[in-house]
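**Student:** Structure of the sequence below:
(one chain, ligands or ions: 1)
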Amino acid sequence: MRETALKSVQAMAAQYSDGTLSHFIDGKPRDGAGTAFDVFDPSTGNVIGQARDATADEVDDAVAAAHRAFPEWSATPPETRRKILNKVADLIVARADEIAAVECLDAGQAWRFMSKAALRGAENFRFFADRAPSAADGLALPSAEHLNYTSRKAIGPVAVITPWNTPFMLSTWKIAPALAAGCTVVHKPAEWSPYSARLLVEIAHEAGLPDGVFNAVNGLGETTGKRLTEHPDIKAIAFVGESSTGSAIMRQGAATLKRVHFELGGKNPVVVFDDADIERAVDAAVFMIYSLNGQRCTSSSRLLVQRSIYDSFTAKVAERAKNLKVGDPFDKATEVGPLIHPKHLAKVSSYIEIATNQGATIAAGGAPVEGDGFYFQPTLFTGAEQTMRVAQEEIFGPVLTAIPFDDEADAIAKANDVEYGLAGYLWTSDVGRALRVSEAMDVGMVWVNSENVRHLPTPFGGTKSSGIGRDGGDWSFDFYMETKNIALAKGTHKIQRLGA
Ligand code: NAD
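**Tutor:** Purely as a prediction, here's the structure:
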């Protein structure tokens, strides 16, 4: 599989005259003239290739292509859009192993998760493709004197900016609804993992997407990303990434009044009451923090456990954390792969000192793994308090902080005592308590007695610093489309006759 991934990466690079992954503009690869930067294989630390930061001209050309393509694509019958986007899904399925392999190589994610992530990308396309014919549908809102009706139309060319943690799946999640709605797209994937997202734009064109409808530019956030979000012809920005980057993008887009949709950071609690199904709660808590190398926005990075079961529960989690198979992402048995980049490894590592200085105990892990690659041991901090930095800040690695709570009120107060509000997980066998605590949690999504299981028609997104807006179902279309109301008089109402 590593061989498959390397071949795929080389084939992408070979489309450019100097072998450096650059851009895909107006239906074809475009050599870049900007500064080149290295892309790593996080499992070895080796450089697998180089990509280029887009120049201002290259960004402008990508936006111009999207702008030119917009009138025709938005007017294309939705049935045609449906067919093309379903074809994209078919081609993703046909190349699922290659996509998964590139994701393992480029992002360091374990094969056991990535093989499914590529297929989820296909499902995202199918889901929104099949809804394209109803995307413009609105409401009839009759009044006494008028028939009001609403309908929607695509907002225009949009920018999609994605992070490095699960680049392919996340890109499909944002781009599929934009295309289904009739928008044209300029995508900027994360600089640390540009390859798997890059496969998507090729596949989309192979499926018959017209030139200019979907463009991709590589580059850094402060240059390529900034220019894209400031461009006057970009009408909306769909962004997934850190909360502080979301603020920067809002500032950058302010002058041109961009519509923004932000999916940002999280410090999600898993709250375990003493009446919970303990074994299942342990499974879910371990899965939700250590899967995807802990680089997951919905990871349950805070474990809030009722004091009466705190020691026994955290002991079970610690035992499982120590047993996790950390290793080569391509090994099918691997449960935890490497972190994405040496800088990220340094950031995650820095929390060990922060935690111990503030009095937390390392119950499992607590150090980088010796040897090649950017591996970090699955880590559990116990004896933690809500005020500690490891209980407040998004670490975005395989690091869990366990905090005891006394009762329902204390659990709710601690769950809500962070700047983030993406997801919450709750374990109890008391239905009334499940409802009370779910409603009191200040988050966008709650899973009760479950890990994160995504159902595409449901809304996805966070409160507070975790985001603005919702994805999924019709919420995605609402972001990528403008709603218009048309009021048709029945011809009977009185009109004031001024100046008569
Ligand atoms: P990041 O914010 O550093 O980068 C994300 C993207 O934004 C990259 O493509 C980057 O190049 C670009 N960018 C950076 N600065 C920019 C600027 N000034 N203007 C325009 N673009 C800019 O995030 P990351 O480190 O790549 O990803 C990790 C973060 O993503 C975590 O905080 C995680 O919680 C979040 N995330 C959230 C969700 C969600 O659904 N809420 C999903 C996945 C990841």
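
**Student:** can you tell me which residues contact the residue nearest to His261 when sequence neighbours are not counted?
**Tutor:** Nearest residue to His261 in three dimensions, chain neighbours excluded: Gly469, at 4.1 Å (Cβ to Cβ, 6 or more residues apart in numbering). For every residue, glycine as well, the C-beta is placed using N, CA and C. Gly469 makes contact with 260-262, 461, 475, 479 under the criterion Cβ atoms under 8 Å, 6 or more residues apart in numbering.

**Student:** Which two of those residues have the greatest separation?
**Tutor:** Val260 and Trp475 (14.3 Å; Cβ to Cβ).

**Student:** just checking, Arg152 touches Thr483?
**Tutor:** Yes - the criterion here is Cβ atoms under 8 Å, and Arg152 meets it with Thr483 at 5.2 Å.

**Student:** Would you mind telling me which of the two has the busier surroundings?
**Tutor:** Between Arg152 and Thr483, Arg152 has the larger neighbour count (other Cβ atoms under 10 Å), namely 20 against 13.

**Student:** Looks to me like the more buried one is in a strand.
**Tutor:** Yes - looking at Arg152 with DSSP: H, G, I helix; E, B strand; the rest coil, it is inside a strand.

**Student:** can you pull the contacts of it?
**Tutor:** 135-138, 181, 477-478, 481-484.

**Student:** out of those residues, who has the most neighbours?
**Tutor:** Ala181 (26 neighbours).

**Student:** got the contact list for the closest residue to it other than its chain neighbours?
**Tutor:** Spatial nearest neighbour of Ala181, excluding adjacent residues (Cβ to Cβ, 6+ apart): Tyr480 at 4.1 Å. When the contact criterion is Cβ under 8 Å, 6+ apart, the partners of Tyr480 are 154-155, 158, 177-178, 181, 183, 236, 238.

**Student:** which among those gets closest to the ligand?
**Tutor:** Nearest to the ligand among the contacts of Tyr480 is Ala238, at 10.8 Å by Cβ to the nearest ligand atom.

**Student:** after the helix or strand where the closest one lies comes which helix or strand?
**Tutor:** In the assignment (DSSP states H and E), Ala238 maps to strand 236-240. Once the chain leaves strand 236-240, the next helix or strand it forms, by DSSP H and E, is helix 243-254.

**Student:** Remind me what that next one packs against, helices and strands.
**Tutor:** helix 226-230, strand 236-240, strand 259-263 (3 or more Cβ pairs under 8 Å, 6 or more residues apart in numbering; DSSP states H and E).

**Student:** Identify the residues contacting it?
**Tutor:** Against helix 243-254 from outside (Cβ under 8 Å, 6+ apart): 161, 221, 225-226, 229-230, 237, 239, 260, 262, 264-265, 394, 419-420, 465-468.

**Student:** which bits of the protein sit near the ligand?
**Tutor:** The chain comes close to the ligand at residues 161-165, 170, 188, 190-191, 220-222, 225-226, 229, 240-242, 245, 248-249, 252, 263-266, 297, 394, 396, 422, 462, 467, as judged by Cβ under 6 Å from any ligand atom.

**Student:** which stretches of this structure have low pLDDT?
**Tutor:** Along the chain, segments meeting pLDDT under 70 are nowhere present.

**Student:** and the residue most central in space within it, what helix or strand is that in?
**Tutor:** Nearest residue to the geometric centre of the chain (Cα atoms, centre = their mean): Leu170, 4.6 Å. For Leu170, the host element (DSSP H and E) is helix 167-181.

**Student:** before we move on, what about Asp372?
**Tutor:** Applying DSSP H and E, one finds Asp372 in no helix or strand.

**Student:** Verify the stated contact: it with Phe40.
**Tutor:** No - contact criterion Cβ under 8 Å: Asp372 and Phe40 do not qualify, at 11.1 Å.

**Student:** Apart from its neighbours in sequence, what residue is nearest Ala140?
**Tutor:** Ala140 sits nearest to Tyr149 (Cβ to Cβ, 6+ apart), 5.0 Å away.

**Student:** just Arg30 next, same as before
**Tutor:** Using Cβ to Cβ, 6+ apart, the nearest residue to Arg30 is His23, at 4.6 Å.

**Student:** Ramachandran coordinates for that neighbour?
**Tutor:** Phi and psi for His23, reported as degrees, to the nearest 10, are phi -120, psi 170.
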